[in-house]
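> predicted model and sequence follow; I will ask about them next.
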Amino acid sequence: MKKAYLGIDIGSISTKGIIIDKNNTILASSYLWTKGNPLKAVKEVLENLKPKIPSEYQIVGIGTTGSARKLIGTILGANIIKNEITAHAIGTISKYPEVRTIIEIGGQDSKIILIKNKIVVDYAMNTLCAAGTGAFLSSQAKRLDIPVEEFGKIALTSQNPTSIAARCTVFAESNLVHKAQMGYKKEDIIAGLCKSVATNYLNNVGKGKKILPPIIFQGGVSKNIGVVKAFENILNEKILTDENGHLMEALGVAILSKKEPEIKFNFNIIENNFETSSITCSGCPNNCEIICVKKDKELLDFWGNRCEKGNNIITK
């Protein structure tokens, strides 16, 4: 049997799964919307991956990352659970060993990772406002009645991008409506939106950061060639993109799982009944909310308690 490794990235907007071999070659991948239910999303990802993996492979490592990494890692019996920054950097470096700057803009958040000699030296994240993210662009696309997939192509036809204030989603929408009512061309408005996404990112997430090449742009928004071009114009640098850029965190955590003790994963796990619940511990003034995960009524794990009093409540 050949060895394979599974990486799962569970985000608030999307869930990604990837299976690699010992050489980090991608054997199978899956990408779908989380829809507020990470457990269901992961089951669907596994159902998508199962028929894609060649029969001669056995999954011996599982890594989870993303906002629901602890929950899904517990359920799958992962041999490593890692934060998004580390996973993202490892995944990207595996394909682009000379990378110095990672720009990432996803559905609802964005981040920047600075790397030197294959080591993360600095990073920043923006999770407080969706301005300039994929969700922001999607909402503007609906307002303009244009498929968001067409945004980039249309933006490149503009000769005079319209200035759009994108510091805040509400302000941006108001500004966009005003410019449309004034008769600005749609291609100029769209190009202005793409430019505002890049400007907003650099003025917020990238503020005070020394952005050095090679620079790679990842996340769902990196598929928008209008935003890619805007970054290139502002930074005066070539911006790299990758067709699998949305899978980098899943790839990174799959690679990290190779360094841990091996396990044996069976896809039949998706047929088990898992449930999560929460208990508020009143044993001390902390009033901790303890999250419990059960498999077929059997307690798998719990977390959230800050002292041993929480343990006593769960194990009673």
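Noted; the coordinates are in hand.
> C-alpha only now, for contacts and for neighbours.
Fine.
> now the element after the longest helix along the chain, going C-ward?
Longest helix of the chain, by residue count under DSSP state H: helix 186-204. With elements assigned by DSSP states H and E, the helix or strand that comes after helix 186-204 is strand 215-218.
> that next one pairs with which strands, parallel or anti?
Partner strands and pairing direction for strand 215-218 (DSSP bridges) are strand 101-105 (parallel), strand 239-240 (parallel).
> ok, back up a step: for the longest helix of the chain, packing partners?
Applying 3 or more Cα pairs under 8 Å, 6 or more residues apart in numbering; DSSP states H and E, one finds that helix 186-204 contacts helix 151-155, helix 169-181, helix 225-235.
> what residues sit buried inside it?
Within helix 186-204, the residues that count as buried by 16 or more other Cα atoms under 10 Å are 186-202.
> ok, which of the strands paired with strand 215-218 comes nearest Y31?
Between Y31 and the strands paired with strand 215-218, the shortest separation by Cα to Cα is 16.3 Å, and it involves strand 101-105.
> what's the least confident stretch among the helices and strands packed on helix 186-204?
Lowest mean pLDDT within the helices and strands packed on helix 186-204: helix 169-181, a mean of 68.
> and the angle from the helix or strand containing R143 to helix 186-204?
Using DSSP H and E, R143 sits in helix 134-144. Put simply, helix 134-144 runs at 160 degrees to helix 186-204, going by axes from the mean of the first three to the mean of the last three Cα atoms, to 10 degrees.
> got the buried residues for helix 134-144?
G134, A135, F136, L137, S138, Q140, A141, L144.
> quick one: mean pLDDT for it?
So the average pLDDT for helix 134-144 ends up being 76.
> kindly format the C-alpha coordinates of that helix as CSV.
Listed next in CSV are the C-alpha coordinates belonging to helix 134-144 (Å, rounded to 0.1, in the frame of the first residue of the first chain):
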residue,chain,number,x,y,z
GLY,A,134,-14.8,38.1,-1.7
ALA,A,135,-18.2,38.6,0.0
PHE,A,136,-17.8,42.4,-0.6
LEU,A,137,-17.1,41.9,-4.3
SER,A,138,-20.0,39.4,-4.6
SER,A,139,-22.5,41.9,-3.1
GLN,A,140,-21.3,44.6,-5.5
ALA,A,141,-21.6,42.2,-8.4
LYS,A,142,-25.2,41.6,-7.6
ARG,A,143,-25.9,45.3,-7.2
LEU,A,144,-24.4,45.9,-10.7
